[in-house]
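Novice: How does the following fold in three dimensions:
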Amino acid sequence: MISEYNEVLQSMTFSDVVEVIKSLSVDEKLELQLLLQQYLREERREEIYDNFQSAKMEQQKGELKFSSNIDELRQLIEE
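Specialist: Below you'll find the predicted structure:
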């Protein structure tokens with residue numbers, strides 16, 4: 001049963017998904033909206049955490065450069 005369900009999902013195109021969403025009730029659409037917002041927040045949190053970990057590693061390796069000098073910051077951006 002699950003493998004059949006996965007097959008159906010894998011064969012759906014984006015427009016198929018949009019059409020299915022259009023056919024949902026208002027309550028189902030609102031629930032889907034809440035779920036999508038939650039998934040997007042989680043993905044963004046993971047992205048921020050990954051960036052933090054990457055910056056932490058760069059700092060430990062001495063690869064991060066800090067400055068309050070505007071000209072120096074511009075030069076760092078151009079590198």
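Novice: helices and strands of this protein: which one has the lowest mean pLDDT?
Specialist: Across the helices and strands of the chain, mean confidence by mean pLDDT, DSSP states H and E is lowest for helix 2-11: a mean of 74.
Novice: what comes up buried for that one?
Specialist: Residues of helix 2-11 classed as buried by neighbour count (16 or more other Cβ atoms under 10 Å): none. C-beta here means a position set from N, CA and C on the backbone, and glycine is covered the same way.
Novice: what's the average pLDDT for the next helix or strand after that helix?
Specialist: Next helix or strand after helix 2-11 toward the C-terminus (DSSP states H and E): helix 14-22. Averaging pLDDT along helix 14-22 gives 93.
Novice: for stretch 64-79, same thing?
Specialist: Taken as a whole, stretch 64-79 has a mean pLDDT of 83.
Novice: Please save the CA atoms from it in CSV.
Specialist: Taking Å, rounded to 0.1, in the frame of the first residue of the first chain, the C-alpha atoms of stretch 64-79 are listed here in CSV:
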residue,chain,number,x,y,z
LEU,A,64,37.2,34.9,9.2
LYS,A,65,38.1,38.6,8.9
PHE,A,66,36.5,41.4,10.9
SER,A,67,36.7,45.1,10.5
SER,A,68,34.8,48.3,11.3
ASN,A,69,36.6,50.2,8.5
ILE,A,70,34.2,50.7,5.7
ASP,A,71,36.9,50.7,3.0
GLU,A,72,38.3,47.5,4.3
LEU,A,73,34.8,45.9,4.5
ARG,A,74,34.2,46.8,0.8
GLN,A,75,37.5,45.3,-0.1
LEU,A,76,36.6,42.1,1.8
ILE,A,77,33.3,41.9,-0.1
GLU,A,78,35.1,42.2,-3.4
GLU,A,79,37.5,39.3,-2.6
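Novice: what does it contact?
Specialist: Residues outside stretch 64-79 that contact it (Cβ atoms under 8 Å, 6 or more residues apart in numbering) are A55, E58.
Novice: Run the chain-centre distance for the strand or helix carrying Q59.
Specialist: In this assignment (DSSP H and E), Q59 forms part of helix 26-60. Offset of helix 26-60 from its chain centre (Cα atoms, centre = their mean, to the nearest Å): 5 Å.
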